[in-house]
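Asker: Below are the sequence and a predicted model; questions follow.
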Amino acid sequence: AIDASWDWDGPPGEVVMKVQYPGVAESIDADLDNLKRLVKLTGVLPKGLFVDHAVNEMRKELKDECDYRNEATKQKAYALLLRDDPRFKVPRVIDSLSS
């Protein structure tokens, strides 16, 4: 979940929080395994589409989404790359509140 709030670690301003619900990261494997079984059982995808490969890519991307330290590092990099472009505003990462 992503929520907007206020910044209590520095000058007044807005802060964006991304909250991970308990058990989300752990449920990825079981959920994707069930999806893969369902897709293979129903035959809803055309032959030649590599379901295993697609599910493995989904698994990797979803697990990356659950790694908030990695996301914070990437967000800091984006902030540096976009700092001189007024069209973008990248929220500041508050390391003391990130895990």
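Answerer: Received, thanks. Residues are numbered from 1 along each chain as shown.
Asker: From the centre of the protein, point out the most distant residue.
Answerer: In the chain, counting by Cα atoms, centre = their mean, Lys47 sits farthest out from the average C-alpha position, at 30.3 Å.
Asker: State the number of residues packed around Phe75.
Answerer: For residue 75 the amino acid is Gln, not Phe. 18 (other Cβ atoms under 10 Å). Heads up, the C-betas are built off the backbone N, CA and C, glycines and all.
Asker: Hmm, I typed the wrong one, I wanted Val24.
Answerer: 13.
Asker: now Lys18
Answerer: If we define neighbours as other Cβ under 10 Å, then Lys18 has 14 of them.
Asker: I'd guessed it sits against Glu65; true?
Answerer: No: look at Lys18 against Glu65 with Cβ atoms under 8 Å: they stay out of range, at 9.4 Å.
Asker: List the buried residues of the helix or strand where Leu80 lies.
Answerer: Per DSSP states H and E, Leu80 falls inside helix 68-82. For helix 68-82, burial by neighbour count (16 or more other Cβ atoms under 10 Å) applies to 72, 75.
Asker: ok now that helix, how far from the chain's centre?
Answerer: 12 Å (Cα atoms, centre = their mean, to the nearest Å).
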